[in-house]
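Participant: When you get a sec, could you give me coordinates for this:
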Amino acid sequence: AEYLPEVINDLVCPVDAKEELLDECESIWKQIEECQSKLMLLGMETLLKSDDKLSLLMMRVKALAAEHSQWQKRSPEIISTNPDVLLALGKEELQKVKNDLEMVLSTVQSKNKQLEEDLKREQQWLEEQEQVLDALNGIEEETKKQVEQLSKARAFHELQNKMLKLKVYKEELLNALGEFLEEHFPLPEEGGSAKKKNSSEEPAVELLTLHEVLEILINKLMSTPHEPYVTINDSFWPPYIELLLRYGIALRHPEDPNRIRLEAFHM
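Facilitator: Residues are numbered from 1 along each chain as shown. All right, here's what the predicted structure looks like:
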C-alpha cells in the first residue's frame, strides 16, 4: 500500500482514452435499454388481458431467468483493448484497493488501541482485586488469632472461676466438718491438754482435735500421694486413732503400727 501512490501518480491517463471509454459505456447502456424495451413490448403483446398482473409477473420472471442463464453462459469480455483505457481502469482499481486497505488498517489499529485500553483496565482491576483479597486474608488471619486468644482467655477465666468455686466449696465443707467434729467429738479434757502418767514433771502435750487430725491426713495424702503415711505422736489422742481405723477412714502401715494414712476415697 505504501508503493501504490507512487505508481498511481506516475501513471497518466490520456483524455482521449477516457472519452473513448465513456463512449463505449454509453453505447452498451443504449443496447441494454433497447433490449429492455423490446422485452417489455413483447410481454405486453402476449397478454390476453391488460389486468392480468399474474401473467405479466410470470413473463418477467421467465425473461429474467433467461437473461440470467445467458449471462451465466457468457464469458466476460474486455470492454476495450486500448492500453490507455486498461491503464486507467487499473489505476482506478488500485486506488480503490488502496482506500479499502487504508480503511481496514485504520479500523484494525483503532480496535487494537481499544483492546489495549481494555486490557490495561482489566489488569488494573485484577491488581486491585488481588490487593483486596490479600487484605481480607490478612484480616481473616488476624481475626483467627484474636478468636483463639479470646477462646484461651475465656477458657482460662472459666477454669479460674471453677477453681475458685471449688476452693470456696472446699472451705465450706471443711468448716462444716470442723463444726460437726467440734460438736460431736470434743477434746477429752478442758484446755485440750493431757499429762503423761509416768512423768508428771514433763510439760503437758497439746492434743489435736479430730478435725486437725483429719486435716493433717488429707494434706499429707494430697501433697505426697506416693508417701501418704503420718507418724503418730503424743499429740494424737488414741481413741481418735482407733475410731478412724475402726470405721475405715484411716489405714495403719503394714510394717510400722505408729504410722497411719487416710483412705484414698478419691481413687
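
Participant: check contacts around Ile218.
Facilitator: Counting by Cβ atoms under 8 Å, 6 or more residues apart in numbering, Ile218 makes contact with Leu262. C-beta coordinates here come from the backbone N, C-alpha and C atoms, glycine included.

Participant: From Glu102, how far out is it?
Facilitator: Counting by Cβ to Cβ, to the nearest Å, the gap from Ile218 to Glu102 is 107 Å.

Participant: And Gln70, by the same measure?
Facilitator: 39 Å.

Participant: pLDDT weak spots in this structure?
Facilitator: 1-15, 17-18, 42-52, 75-80, 189-204, 266-267 (pLDDT under 70).

Participant: which other helices and strands contact the longest helix seen in it?
Facilitator: Across the chain, the longest stretch assigned as helix under DSSP state H is helix 83-184. Using 3 or more Cβ pairs under 8 Å, 6 or more residues apart in numbering; DSSP states H and E, the elements in contact with helix 83-184 are helix 4-10, helix 15-46, helix 210-223.

Participant: can you tell me which of those helices comes nearest to Tyr169?
Facilitator: helix 210-223 (14.7 Å; Cβ to Cβ).

Participant: how far does the closest one sit from the chain's center?
Facilitator: What separates the centre of helix 210-223 from the centre of its chain is 61 Å, taken as Cα atoms, centre = their mean, to the nearest Å.

Participant: what comes up buried for it?
Facilitator: Neighbour counts over helix 210-223 (16 or more other Cβ atoms under 10 Å) mark Leu210, His211, Val213, Leu214, Leu217, Lys220, Leu221 as buried.

Participant: which of the residues you listed lies closest to Ala250?
Facilitator: For the buried residues of helix 210-223, the nearest to Ala250 is Leu217 (6.4 Å; Cβ to Cβ).

Participant: got the contact list for the closest one?
Facilitator: Pro228, Val230, Ala250, Ile260, Arg261, Leu262.

Participant: Alpha carbons of stretch 249-266, as PDB, please.
Facilitator: What follows is stretch 249-266, C-alpha atoms only, in PDB (Å, rounded to 0.1, in the frame of the first residue of the first chain):
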ATOM      1  CA  ILE A 249     -11.300 -43.800 107.400                       C
ATOM      2  CA  ALA A 250      -7.600 -44.400 108.100                       C
ATOM      3  CA  LEU A 251      -5.300 -47.300 107.500                       C
ATOM      4  CA  ARG A 252      -2.300 -48.400 109.500                       C
ATOM      5  CA  HIS A 253       1.100 -49.000 107.900                       C
ATOM      6  CA  PRO A 254       1.600 -52.800 107.300                       C
ATOM      7  CA  GLU A 255       5.100 -52.700 108.800                       C
ATOM      8  CA  ASP A 256       5.000 -49.800 111.200                       C
ATOM      9  CA  PRO A 257       2.000 -49.500 113.600                       C
ATOM     10  CA  ASN A 258       2.900 -46.000 114.500                       C
ATOM     11  CA  ARG A 259       2.200 -44.700 111.100                       C
ATOM     12  CA  ILE A 260      -1.300 -44.200 109.600                       C
ATOM     13  CA  ARG A 261      -2.700 -42.800 106.400                       C
ATOM     14  CA  LEU A 262      -6.000 -41.600 105.100                       C
ATOM     15  CA  GLU A 263      -8.000 -44.000 102.900                       C
ATOM     16  CA  ALA A 264      -7.900 -42.800  99.300                       C
ATOM     17  CA  PHE A 265     -11.600 -42.300  98.700                       C
ATOM     18  CA  HIS A 266     -11.000 -40.200  95.600                       C
END
